[in-house]
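>>> after the sequence you'll find the predicted model.
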Amino acid sequence: MTVDATLLLQLVVNGLIVGALYGVVAMCFVLIYKASQVVNFAQGEFMLIGAWACWWLLVKFQLPFFASFLITLAFMMAFGLILQVIVLKPLIGEPIISVIMVTIGLSIFFQALMKWMFGVSAQPFPPIFATPDVNLLGLQVKTVYVMSTMISIGIMGGFAWFFKYSRMGLAMRATAFDQQVAQSLGISVRQVFALAWGISAMVSALAGVVVGVVNGVSPALSFFGIKVFPAVILGGLDSIVGAVVGGVVIGLLENLAHYADSQWLRWGNLYEIAPFYALILILMIRPNGLFGTKDIERV
Amino acid sequence: MAATIALRPCGDFKTSYGSDQTVFPTRLSLAFCVAGVLALCLAPMFLGKYGLSLLVQMGYLGIAALGLNILVGFTGQISIGHAVFFGFGAFSSAFISNKLNVPVFFAIPLAGLATTAVGLLFGVPAARLKGLYLAIATLAAQFILQDFFARAGWFTGGVAGSPAKSFSVFGHEISGDQHYFYVVLAYVVVMYLAATNLMRTRDGRALVAIRDHYLSAEMMGINLTKYRTLSFGIAAFYAGIGGALYAHYLGFVSIEGFDILFSIQFLAMVIIGGLGSIMGSLMGTAFMVMLPEAMSGLAKMLSGSAIDRLLSLKEGIVFLREMTIGAVIVLFLIFEPDGLAHRWRRIRAYWKLYPFSH
């Protein structure tokens, strides 16, 4: 029963990095849920499409990283907008389970499309940073990890600014609060819905590119979209702050489960499954999560 | 009386609850149903091994799909983990007949009950909440049970999989597609009749009431928790029976294949067939079973042509199939949310009033 301190520290750092990314994707998920009450099962596919698009521009067209990154973001913004207008707008007013099933359909459609276009094996990104490692407080950390964490924190800050100060962000919050009142104040609810999807797709793609740079792009990326559920349920389905906290906690939990597994339990695969056990537990104890509003009626 | 049967009114002019709730509105529809089942009884004589295997597939998948339809279409809850319950039924039937030496005849219903118990384990916390939460809980069930299959060697045989005995009645072994077909057919008839009748009872109508407006349903004295849980249990039971039939048909259950894609296929069957339609479940299943056949037929037809070279259909056919499943779900929900069953009713209504349809 000895504690391997280095491994534990390594895993905690890992958990924080991955958790920050879960937090970003969970935030995008919550953004869509708050704005348009749609539970999006295709969030992971947004990441996947973004990562592949960026990889494709980099490898096939030999564009510099920054250019292909920006093109990818613009493309994903347009993609999210178009998806909302074509597929989800006709479903406004339909029962919630129809909308859920449509996003499930979209998810499997795009997943298969990506597999068909780019194959099923993981493809590494060309190296972006000159130095692979940096020394941080005496720990050797990969540059990409530092970048990923910084980008995650940057996105979170950006979201905070967007919702607190920008006109569109305020309009979105107003719509989420009460659609009819928002509409009567001159906010175009239609635009808000479309924009929520656009932003969500764009930011998810950003996270997708980051994961791609770190681990390479593969269909497994879309599993992030499923790992988001434990995170958002823990944080509360309609809380942006909750999504971030939930993401970090789930990332940590995953890695601590991995530690417990490799040191004591030796069950194998606990890493992947632990978040789902946590999910069931949260649903039993506190289904509205840590920060969610309590309008969920228990029957 | 003969005239009233020949000339049916063109709208809903039912005068009693009895006539509204009847299973067969006319004698002719009863006759068609019986004739259909009889025609299927003769099918093994005419169909080859391949055609018969497709029919058997439609049978056991159709039973599981009906369970999902009771949950999704009639109660308005959603499950994204139906395939693992199907798998659990398959493994438990194999386990009960192999390890506990129960004849397969009894093992199949027992497997259904075992699956119900496991389903309730996941369903009870979530069925108390709105449909959305059940979706997420079943998502968790999907991954937890899939992991359990790989882990529990004593139950599933682990990576090696588990053999399943062939079906036997009182010591007479029933093997081969030709004979097993009748077993599946019998189960399909019994399970579909049971579901039809369930929907006519108070319990069944309570489920529909919950779907349509849960608040009103509660005010009418329907216990929401009880009925949502019940509906989830029934869905798991049907999945378990379907899975058990699948196990004894193949004679072997592998831990692979009960993944989330399979669960989504079940959802697709229900959506395509028609949410809230019993026969629709069977139509949707037939559609999904025939889809890969049609796809490979199409690929064969196009092989060598320009389209084939451009898209490399041969390697892409698996993905193309998944894409079609996804696209079909989306398109049906947008353009035909009531599914094939609705289309079928429309066609029938058109011909019923043929010269004056409009």
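Ah, there it is.
>>> buried sites along whichever strand or helix holds residue B:36?
Assigned by DSSP states H and E, residue B:36 belongs to helix B:27-46. Going by neighbour count (16 or more other CB atoms under 10 Å in any protein chain shown), the buried part of helix B:27-46 is B:40, B:44. No exception for glycine: its C-beta is placed from N, CA and C like everyone else's.
>>> anything in the next helix or strand after it near chain A?
The helix or strand immediately downstream of helix B:27-46 is helix B:49-69, counting by DSSP H and E. No - on the criterion CB under 8 Å from any CB of the partner chain, helix B:49-69 is out of touch with chain A, staying 11.4 Å away.
>>> what packs against helix B:49-69?
On a contact count with 3 or more CB pairs under 8 Å, 6 or more residues apart in numbering or on different chains; DSSP states H and E, helix B:49-69 meets helix B:27-46, helix B:82-99, helix B:177-198, helix B:224-250, helix B:260-273, helix B:278-302.
>>> in the longest one, what's buried?
Buried positions in helix B:224-250, judged by neighbour count with 16+ other CB under 10 Å: B:224, B:227-249.
>>> from those residues, list the ones also adjacent to chain A.
Filtered for proximity to chain A (CB under 8 Å from any CB), the buried residues of helix B:224-250 shrink to B:224, B:228.
>>> picking that back up, just put the helices and strands packed on helix B:49-69 in a markdown table and tack on mean pLDDT.
As requested, the helices and strands packed on helix B:49-69 are exported to a markdown table (pLDDT from 0 to 100):
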| stretch | mean pLDDT |
| --- | --- |
| helix B:27-46 | 84 |
| helix B:82-99 | 91 |
| helix B:177-198 | 89 |
| helix B:224-250 | 91 |
| helix B:260-273 | 90 |
| helix B:278-302 | 86 |
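>>> neighbours around residue 211, how many?
By default, I'm working from chain A. Neighbour count of residue A:211, defined by other CB atoms under 10 Å in any protein chain shown: 24.
>>> could you do chain B instead?
21.
>>> repeat for residue A:114
24.
>>> does whichever strand or helix holds it come close to chain B?
In this assignment (DSSP H and E), residue A:114 forms part of helix A:96-118. Yes - with CB under 8 Å from any CB as the criterion, chain B is reached by helix A:96-118 at A:96-98, A:100-102, A:104-113, A:115-116.
>>> next one: stretch A:15-28
No - figure legend: stretch A:15-28 not in contact with chain B (CB under 8 Å from any CB); closest approach 13.1 Å.
>>> got the CA positions of that stretch in CSV?
Provided in CSV are the C-alpha atoms of stretch A:15-28 (Å, rounded to 0.1, in the frame of the first residue of the first chain):
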residue,chain,number,x,y,z
GLY,A,15,-6.2,15.0,-15.0
LEU,A,16,-6.2,18.8,-14.7
ILE,A,17,-5.1,19.1,-18.4
VAL,A,18,-7.6,16.7,-19.7
GLY,A,19,-10.2,18.0,-17.3
ALA,A,20,-9.8,21.5,-18.6
LEU,A,21,-10.5,20.2,-22.1
TYR,A,22,-13.6,18.4,-20.9
GLY,A,23,-14.6,21.6,-19.3
VAL,A,24,-14.3,23.5,-22.6
VAL,A,25,-16.4,20.9,-24.5
ALA,A,26,-18.9,20.7,-21.6
MET,A,27,-19.2,24.5,-21.8
CYS,A,28,-20.0,24.3,-25.5
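>>> how far does that stretch sit from the chain's center?
Taking the mean of its C-alpha atoms, stretch A:15-28 sits 6 Å from the chain's own mean (CA atoms, centre = their mean, to the nearest Å).
>>> report the buried residues of it.
A:15-28.
>>> of those, just say which sits nearest to chain B.
Relative to chain B, the closest of the buried residues of stretch A:15-28 is residue A:26; by CB to the nearest CB it sits at 13.1 Å.
>>> and the closest residue to residue A:4 other than its chain neighbours, how many neighbours does it have?
Excluding its sequence neighbours, the residue lying closest to residue A:4 (CB to CB, 6 or more residues apart in numbering or on different chains) is residue A:263, at 6.6 Å. Neighbours of residue A:263 under the rule other CB under 10 Å: 14.
>>> name the surrounding residues that touch the helix or strand harbouring residue A:169.
Residue A:169 belongs to helix A:167-177 when assigned by DSSP H and E. Helix A:167-177 has contacts (CB atoms under 8 Å, 6 or more residues apart in numbering or on different chains) with A:31, A:34-35, A:161-163, A:181-182, A:185, A:187, A:189, A:192-193, A:195-196, A:238.
>>> still on that earlier bit, surely the residue nearest to residue A:4 touches residue A:256?
No - Residue A:263 is beyond contact range of residue A:256, at 10.5 Å (criterion: CB atoms under 8 Å).
>>> next, count neighbours for the closest residue to residue A:88 other than its chain neighbours.
Of all residues not flanking residue A:88 in the chain, residue A:38 sits nearest, at 6.5 Å (CB to CB, 6+ apart). Residue A:38 has 22 neighbouring residues, counting by other CB under 10 Å.
>>> quick check, pLDDT for residue A:38.
Residue A:38 is assigned 84 on the pLDDT scale.
>>> pretty sure it belongs to a helix, no?
No - Residue A:38: not assigned to a helix; according to DSSP: H, G, I helix; E, B strand; the rest coil it is coil.
>>> now do the phi/psi pair for it.
With angles defined as degrees, to the nearest 10, residue A:38 sits at phi -110, psi 130.
>>> ok, back up a step: from the contacts of helix A:167-177, which has minimum pLDDT?
Among those, residue A:238 has the weakest pLDDT, 79.
>>> hang on, isn't that residue packed against residue A:32?
No - using CB under 8 Å, residue A:238 is not in contact with residue A:32, being 10.9 Å away.
>>> show me which of these two is the more surrounded one.
Just comparing residue A:238 and residue A:32: by other CB under 10 Å the higher neighbour count belongs to residue A:32, 26 against 20.
>>> re the thing from before, what packs against the helix holding residue B:36?
Going by 3+ CB pairs under 8 Å, 6+ apart, helix B:27-46 lies up against helix B:49-69, helix B:177-198.
>>> could you export it as CSV, CA atoms only?
C-alpha atoms of helix B:27-46 as CSV (Å, rounded to 0.1, in the frame of the first residue of the first chain):
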residue,chain,number,x,y,z
ARG,B,27,-63.2,-9.3,-39.9
LEU,B,28,-61.1,-8.8,-42.9
SER,B,29,-58.2,-7.3,-41.0
LEU,B,30,-58.3,-10.3,-38.7
ALA,B,31,-58.3,-12.6,-41.7
PHE,B,32,-55.3,-10.8,-43.2
CYS,B,33,-53.3,-11.1,-39.9
VAL,B,34,-54.0,-14.8,-39.7
ALA,B,35,-53.2,-15.3,-43.3
GLY,B,36,-49.9,-13.4,-42.9
VAL,B,37,-48.8,-15.6,-40.0
LEU,B,38,-49.9,-18.7,-42.0
ALA,B,39,-47.9,-17.5,-45.0
LEU,B,40,-44.9,-17.1,-42.8
CYS,B,41,-45.4,-20.6,-41.5
LEU,B,42,-45.0,-21.8,-45.1
ALA,B,43,-41.9,-19.6,-45.6
PRO,B,44,-39.3,-22.2,-44.8
MET,B,45,-40.5,-24.3,-47.7
PHE,B,46,-39.9,-21.6,-50.3
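>>> distance from it to the middle of the chain?
Counting by CA atoms, centre = their mean, helix B:27-46 is centred 20 Å from the centre of its parent chain.
>>> same check on stretch B:81-95?
14 Å.
>>> stretch B:75-85 too?
Remark: stretch B:75-85 is offset 11 Å from the chain centroid, using CA atoms, centre = their mean.
>>> where does the stretch 101-250 of chain A dip in pLDDT?
The model of the stretch 101-250 of chain A has pLDDT under 70 over residues A:130-132, A:136-140.
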